[in-house]
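Enquirer: Dropping the sequence and predicted coords here.
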Amino acid sequence: MYHVLVSDPISEEGLLPLINHDSVTCDQMPIEAAEQSLELYDALLIRSGTKVTDNLLKKMPNLKIIARAGVGVDNIDIEAATRRGVIVINAPDGNTISTAEHTIAMIASLVRNIPQATRSVKDGIWDRSRFTGMELNGKTLGIIGMGRIGTEISKRAKAFGIKVNVYDPYLTKERGEKLGVASVSFNDLLESSDIITVHTPLTKETKGLLGFDSIPRTKKGVWLINCARGGIIDEEALYHFIKTGHVAGAALDVFETEPPKKNKLLELDEVITTPHIGASTKEAQLNVAAQVADEVLDCLQGIPIKNSINLPTISAEIYDKVKPFFHLTKKMGTILSQMVRTPVKEIELTYSGEVISLETAVLTRNLMAGFLSARVDSPVNEVNAPSIASQRGIIHGEKTGLKADGYSNLIQATVHGEEETFYIRGTNIQEYGERIVNLNGFDIDFYPGGNLLYIQHTDRPGVIGNVGKILGEHHINIATMQVGRKEIGGDAIMILSFDEPLDEEVILALKEIQDLVSVKKLEL
Ligand SMILES: NC(=O)c1ccc[n+]([C@@H]2O[C@H](COP(=O)([O-])OP(=O)(O)OC[C@H]3O[C@@H](n4cnc5c(N)ncnc54)[C@H](O)[C@@H]3O)[C@@H](O)[C@H]2O)c1
Ligand SMILES: O=C(O)[C@H](O)COP(=O)(O)O
């Protein structure tokens, strides 16, 4: 008999296949109430209310799977679950439509003052002139993040006669055309939109994407919406620009801290809110519950599951053989994602030398995971990377036969984008471990780890000296430095490593050097 604990409110109807299954006993109660019997459970089903910490996992030694009935898994310590061999799954698209509909409802409510007018009527005040709104027909909606939810919003907005502009650096032109939206630059979106709605994950790049720098570039009287994750719109900046009258109003389903505490935005009439209920409809809850119920049953019965976030799919024996290339391929993907910031159509892996006798498919998936991690909301691993890539129209392929160039093994990953092609080559050398040996035709040799800086420049006397001079002026010690060029006086690159991470100020100073084409920190 399998024991399942459902510790958040999840649609019972959706869970019926699990609840009614002969081999399952299902308890529905919060973690605190199950404290005495935690060691019993084989499966844990949650929403965002349950925090799955390493400590909780320690008390659940029998646990095989954690199922998140929804998208975000930021309340689960994935690393701890993976380490403890617990599979984590989610239901990535079960609540897409409901969240898109909620966003549309928020937009309509905001521009027509519906919550404020409701309050006024209920207070006995019949004031029709105070609530003059804005018509949506003919206005421009800027959607930042054209994934599952952004796409559904664009379809619905068009029915209102709204023109839709989208900004998503990872959206290919072809997909944009297929969806019938105008893909524009971030700046054009800011300048052209009457309403801006964000639908990206919360990442280092999207935190404060609408903030003190960008909001002043929007139209005066712009309306801002956040039904994605708190923090994508900087709350401090939002408050400031509503007070100055630049932003007409905002609709927020999510907050930097939930529930919001002492949040000044809640004092403003121009701000309408809901308590993170984008996914809270009967239908969405039924969808996500049914999706995870099926997957949990499959998992408990040993049937392969589809939406795993961390499932290791290879046996320990195969894992041992591919291990030397495991981190290497992940890092190659991560470097590629930082080198290529434009839409991508294809990732092609070429293997040569000893590595071709191994289970290279897992390495390819691993590299894709490294590449995609910076671009999508939910965790990407070697299990779910291919399906995430295909959802985004990125194809991938593998071949063998690259000349090993004297290395006992060599892996090349080539990214074909709309505007550029970029490749990276890596190897694992017995005495030295992982090395990156070529970046887009530049022979180079560095360990992919630590604090790295990539500089592209023209091969001229004095450039390297100037880099050293600026770093010296900032009291920065260079640990290692590699230079690669294709021909004398042509394009060249440098890879430098440091003991400490570099400040932005140093990067800005380096960018001032003549003959430097690009300067990037490589984060691994
Ligand atoms: N309010 C709710 O109850 C609720 C419900 C479901 C999902 N969500 C949140 O909504 C957001 C979107 O969910 P989704 O399912 O559409 O995710 P998704 O992964 O399908 O789409 C995210 C999109 O953002 C794009 N993106 C990534 N970085 C970007 C950047 N720097 N600038 C512009 N675009 C960028 C990606 O290319 C992708 O197309 C997530 O934050 C998710 O957690 C909220
Ligand atoms: O990540 C999600 O799916 C949404 O934010 C909804 O979360 P909830 O299931 O706790 O409502």
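Expert: Alright, I've got the coordinates. Ligands and ions are numbered 1, 2, ... in the order given.
Enquirer: which residues in the stretch 251-400 of the chain form strands?
Expert: With strands called from DSSP state E, counting those that start in this stretch, the stretch 251-400 of the chain shows them at 271-273, 344-353, 395-400.
Enquirer: rank the ones you listed by pLDDT, which is bottom?
Expert: The minimum mean pLDDT among the strands of the stretch 251-400 of the chain belongs to strand 395-400 (a mean of 82).
Enquirer: tell me which parts of the stretch 151-300 of the chain are close to ligand 2?
Expert: 279-280 (Cβ under 6 Å from any ligand atom). All C-beta atoms are positioned from the backbone trio N, CA, C, and that covers glycine.
Enquirer: so where do the helices sit in the stretch 151-300 of the chain?
Expert: Assigned by DSSP state H, counting those that start in this stretch, the stretch 151-300 of the chain shows helices spanning 173-179, 186-192, 235-243, 282-300.
Enquirer: Can you say which of these is nearest to Asp269?
Expert: Smallest distance to Asp269 across the helices of the stretch 151-300 of the chain (Cβ to Cβ): 9.4 Å, for helix 235-243.
Enquirer: Give me the below-cutoff pLDDT ranges for the stretch 301-450 of the chain.
Expert: Within the stretch 301-450 of the chain, the set of residues satisfying pLDDT under 70 comprises 303-307, 311-319, 378-379, 382-383, 402.
Enquirer: Closest approach to ligand 1 from it, which residue is it?
Expert: Ranked by Cβ to the nearest ligand atom, the top residue of the stretch 301-450 of the chain for proximity to ligand 1 is Asp377, at 4.0 Å.
Enquirer: Please give me every residue in contact with that residue.
Expert: If you count contacts by Cβ atoms under 8 Å, 6 or more residues apart in numbering, Asp377 has them with 71-72, 147, 200-202.
Enquirer: and if you look at Val181?
Expert: Per Cβ under 8 Å, 6+ apart, neighbours of Val181: 143, 146, 154, 164-166.
Enquirer: correct me, but Gly249 touches Lys243?
Expert: No. In this structure Gly249 lies outside contact range of Lys243 using Cβ atoms under 8 Å: 12.0 Å.
Enquirer: what about these two, which has more around it?
Expert: Taking neighbours as other Cβ atoms under 10 Å, Gly249 and Lys243 compare with Gly249 leading, 21 against 12.
Enquirer: circling back to that earlier point, would you list the helices of the stretch 151-300 of the chain in JSON lines and tack on mean pLDDT and distance to ligand 1?
Expert: Output for these, formatted as JSON lines (pLDDT from 0 to 100; distance: least, Cβ to the nearest ligand atom, whole Å):
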{"stretch": "helix 173-179", "mean pLDDT": "86", "distance to ligand 1": "9"}
{"stretch": "helix 186-192", "mean pLDDT": "98", "distance to ligand 1": "7"}
{"stretch": "helix 235-243", "mean pLDDT": "98", "distance to ligand 1": "16"}
{"stretch": "helix 282-300", "mean pLDDT": "95", "distance to ligand 1": "8"}
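Enquirer: Just the buried residues of stretch 425-437, please?
Expert: 425-428, 434-437 (16 or more other Cβ atoms under 10 Å).
Enquirer: Of the residues you listed, which belong to strands?
Expert: Assigned to strands by DSSP state E, the following of the buried residues of stretch 425-437 qualify: 425-428, 434-437.
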